[in-house]
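Asks: The following block contains a protein sequence and its predicted model.
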Amino acid sequence: MEYATRIQTKLTQALAPTRLRVKDVSHRHAGHAGARPEGETHFDVEVVSAAFEGLNRVARQRLVYDTLRDELAERVHALALKTLTPTEDSAQG
């Protein structure tokens, strides 16, 4: 299974997001630490979930990193995270 799909599946199961976007941006990091020619090492991830209610930014990111522990240990080198509650998301839109 592709890592992007694994990320989507795990975050969906763990956080029941109202919106989830996972984008492979590995091409932007060619030649950098952790980059591989075949990609799937660097991702932009945007998650909107009620699970983030009452959590600060660090706690939200920790929740995502804990959920994706296996992927980070295997191949994924970096995640750029945007974590919002549904209320915060609707305020931005």
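Replies: Noted; the coordinates are in hand. Bear in mind that the values here come from a model prediction, so they are computed numbers and not experimental data.
Asks: helix/strand/coil for residue 64?
Replies: With DSSP: H, G, I helix; E, B strand; the rest coil as the basis, residue 64 sits in helix.
Asks: Run through the neighbouring helices and strands of the helix or strand residue 47 falls within.
Replies: Element membership for residue 47, per DSSP states H and E: strand 42-48. In terms of contacts (3 or more CB pairs under 8 Å, 6 or more residues apart in numbering; DSSP states H and E), strand 42-48 is packed against helix 3-15, strand 19-24, strand 78-84, helix 86-92. For every residue, glycine as well, the C-beta is placed using N, CA and C.
Asks: what stretches of the chain score poorly on pLDDT?
Replies: 1, 27-39, 93 (pLDDT under 70).
Asks: cutoff 50 now
Replies: 29 (pLDDT under 50).
Asks: out of everything not next to it in sequence, what's closest to residue 84?
Replies: With sequence-adjacent residues excluded and distances taken as CB to CB, 6 or more residues apart in numbering, residue 84 is closest to residue 48, at 4.8 Å.
Asks: Across the sheet, point out what pairs with that neighbour.
Replies: residue 19, residue 84 (DSSP bridges).
Asks: circling back: can I get the helices and strands packed on strand 42-48 in a markdown table including distance to residue 60 and mean neighbour count?
Replies: Formatted as a markdown table, those follow (distance: least, CB to CB, whole Å; neighbours: other CB atoms under 10 Å):
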| stretch | distance to residue 60 | mean neighbour count |
| --- | --- | --- |
| helix 3-15 | 10 | 16 |
| strand 19-24 | 14 | 14 |
| strand 78-84 | 4 | 16 |
| helix 86-92 | 11 | 12 |
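Asks: can you list these in JSON lines and add distance to residue 42?
Replies: Converted to JSON lines, those look like this (distance: least, CB to CB, whole Å):
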{"stretch": "helix 3-15", "distance to residue 42": "10"}
{"stretch": "strand 19-24", "distance to residue 42": "7"}
{"stretch": "strand 78-84", "distance to residue 42": "5"}
{"stretch": "helix 86-92", "distance to residue 42": "24"}
